[in-house]
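Asks: Sequence and predicted model, in that order:
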Amino acid sequence: MSHIVRIELTPLFVPFHKEILNLMKGTEGGLGMAIAAEEEWNGGDFVICRLVDSAGNSGLGEAFVWLPETGVSPDQLIDIIKKSLARYVIGESPFNVEKIRHKMEINVNRSDVSKGLIDIACYDLMGKITGRPAHDFMGGRCVDEVPLCALIPLMEVEDMIAICQTFYNSGMRTFRLKLGKGVQADKKIISRFREALGDEVRLRVDYNQAYTPPVAVRAIKAIEPYGIDLAEQPVAATNYIGMAYVQKRVDIPIMAHEGCFSLQDISTLVKMNGINAVGLNSERPGGVTNMLRAISYAEMEGMGCILHNQPLGISSAMQIHVAAARYHSLGHAIELFGQLMMEDDLIKEPINYDDGTATVPSGPGWGVELDEAALKQYATSETVIIE
């Protein structure tokens, strides 16, 4: 059986489209959200992982990082893989994801983003070896297309509505609205959205840690009459007790993001009654294997799951495959915005986003091919090769 013989890790910075940069200048704090961060956000920092097996097949993984949220840089991700995690990957079959995961877990604490980067590449490599799509290793594909949610940045309310209307006209019927301007200002935004778009659209909101627990309760209670699917990260990321304080006092499901990276984080928040929805992406809770576990756990607890991020093409394809395989367990549209925000998605053939949906890529593994020229163009340093 083939085994992994090489790991290639490339750090990247991909700028936002110029239109997005211009749009961001008119948003809250220049970031489009209420997060109290001073770090620039004019593009995305990524690491691309390529696993190569003994037969010459290769599988791809991708991680997105931003210090105010993930707390790690591309160089840190690469460093922990190079100095430790690689020894539990080299020589192993990519099909042994449980064994690889176990070895990484017992030998390296946390580091969920780095572990997930390797895990994602394993699933692509499985597909490349067998000639099968990656969703076949997750239970098979339930649907050919998955519905999408649009992200609406925090700015003047009429500008927010204009952006939303554009996405509505393209077929989207679910929207995540950035809030956090204050209780009454937030209520005004939601009220205008319902007035403009009616009751047929689904709305979720994201506070990006804007409030203290008591204020968060007031803010969420104020928008409850407007039929909100969920409220994301209303209080500080590390304030699990505050999350529980809020969830016990509001009817809208609360979802963690900045403060939730591992399966244990999800379990702790659920047991504390701090969340009633689970947010997932490439980095949280770390790859495909843990994402599937989290979806099954949430389903048993009667909670929906939200897949969302601003990834490049590799992780976009991964999340679409997961959503197609676990479609009946999610309960929410997925949110992928990298193809609109980033200057390049680093894949040769674009994923089909049409009429408010994303089509599951066909072909082995993730069904996408890395654009090698773009990889070189956006690399911030030389590829690290581990053998």
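Replies: Good, I have the coordinates.

Asks: Going by C-alpha atoms from here, please, whenever you check contacts or count neighbours.
Replies: Noted.

Asks: got the CA coordinates for the one helix or strand Gln319 maps to in CSV?
Replies: Here Gln319 sits within helix 313-325, counting by DSSP states H and E. Coordinates of each C-alpha in helix 313-325 appear next as CSV, following Å, rounded to 0.1, in the frame of the first residue of the first chain:
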residue,chain,number,x,y,z
GLY,A,313,-10.3,27.0,-3.9
ILE,A,314,-8.9,23.9,-2.0
SER,A,315,-10.7,24.5,1.3
SER,A,316,-13.8,25.7,-0.5
ALA,A,317,-14.0,22.4,-2.4
MET,A,318,-13.4,20.5,0.9
GLN,A,319,-16.3,22.3,2.7
ILE,A,320,-18.6,21.7,-0.3
HIS,A,321,-17.7,18.0,-0.2
VAL,A,322,-18.4,17.8,3.5
ALA,A,323,-21.7,19.8,3.1
ALA,A,324,-22.8,17.5,0.3
ALA,A,325,-22.0,14.4,2.4
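
Asks: Which strands or helices does that helix pack on?
Replies: With contacts defined as 3 or more CA pairs under 8 Å, 6 or more residues apart in numbering; DSSP states H and E, the secondary structure elements packing on helix 313-325 are strand 58-65, strand 145-147, helix 338-341.

Asks: Please identify the most buried of these.
Replies: Across the helices and strands packed on helix 313-325, averaging neighbours per residue (mean count of other CA atoms under 10 Å) puts strand 58-65 on top, at a mean of 26.

Asks: Sheet partners, orientation included, of that one?
Replies: In the sheet containing strand 58-65, the strands it pairs with under DSSP bridges are strand 43-53 (antiparallel).

Asks: Give me the mean pLDDT for the strand it pairs with.
Replies: Summarised as a single mean, pLDDT over strand 43-53 is 97.

Asks: circling back to that earlier point, can you put the helices and strands packed on helix 313-325 in JSON lines and add distance to Glu349 and mean pLDDT?
Replies: Listed next are the helices and strands packed on helix 313-325 as JSON lines, based on distance: least, CA to CA, whole Å; pLDDT from 0 to 100:
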{"stretch": "strand 58-65", "distance to Glu349": "15", "mean pLDDT": "97"}
{"stretch": "strand 145-147", "distance to Glu349": "17", "mean pLDDT": "98"}
{"stretch": "helix 338-341", "distance to Glu349": "12", "mean pLDDT": "94"}
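
Asks: Any chance of those in a markdown table with distance to Met172 as columns?
Replies: Rendered in a markdown table, the data for the helices and strands packed on helix 313-325 read as follows (distance: least, CA to CA, whole Å):
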| stretch | distance to Met172 |
| --- | --- |
| strand 58-65 | 25 |
| strand 145-147 | 8 |
| helix 338-341 | 14 |
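
Asks: Quick one: closest of those to Ala244.
Replies: Ala244 sits nearest to strand 58-65 of all the helices and strands packed on helix 313-325, at 26.9 Å, using CA to CA.

Asks: got the angle between the closest one and helix 313-325?
Replies: 100 degrees (axes from the mean of the first three to the mean of the last three CA atoms, to 10 degrees).
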